[in-house]
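A.B. asks: Build me a model from this:
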Amino acid sequence: MSKYVEVISLGERYKVNVEHISLIQSTDGGRSCTLYVVGYPNALMLDTSYEDAVRLVMSQVCEA
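C.D. replies: Just a heads-up that it's a prediction; the model follows:
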């Protein structure tokens, strides 16, 4: 069963399948990040810190 995280990029809500995330890139010294998702035409720029984004994704990946 696929696992999803909900993120907000530029005021728009996206439900992203964690299996399709190819990269989480730290920007602005870690205060924000860019999420690259397979099949999305553009990267998602998040106001979430890099650490919080990784924690959110890993909480779904590692959930039993």
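A.B. asks: For residue 34, name its beta-bridge partners.
C.D. replies: residue 25, residue 45 (DSSP bridges).
A.B. asks: I'd like the distance between it and residue 62.
C.D. replies: According to CB to CB, to the nearest Å, residue 34 and residue 62 sit 22 Å apart. For every residue, glycine as well, the C-beta is placed using N, CA and C.
A.B. asks: Likewise for residue 26?
C.D. replies: Distance from residue 26 to residue 62, by CB to CB: 20 Å.
A.B. asks: Check residue 56 too.
C.D. replies: According to CB to CB, residue 56 stands 11 Å off from residue 62.
A.B. asks: Residue 12 too?
C.D. replies: Counting by CB to CB, the gap from residue 12 to residue 62 is 27 Å.
A.B. asks: now residue 22
C.D. replies: Note on residue 22: its distance to residue 62, by CB to CB, is 18 Å.
A.B. asks: cool, and residue 44?
C.D. replies: 22 Å.
A.B. asks: by contact count, what packs against the helix or strand of the chain with the lowest mean pLDDT?
C.D. replies: Averaged element by element with mean pLDDT, DSSP states H and E, the chain has its least confident helix or strand at helix 50-61 (a mean of 92). Other elements packing on helix 50-61 under the criterion 3 or more CB pairs under 8 Å, 6 or more residues apart in numbering; DSSP states H and E are strand 4-9, strand 21-27, strand 32-37.
A.B. asks: for stretch 9-28, which positions count as buried?
C.D. replies: 9, 16, 18, 21, 24 (16 or more other CB atoms under 10 Å).
A.B. asks: Please list all residues in contact with the first one.
C.D. replies: By that I understand residue 9. Counting by CB atoms under 8 Å, 6 or more residues apart in numbering, residue 9 touches 35, 44, 45, 46.
A.B. asks: Right, I'll call it a day here.
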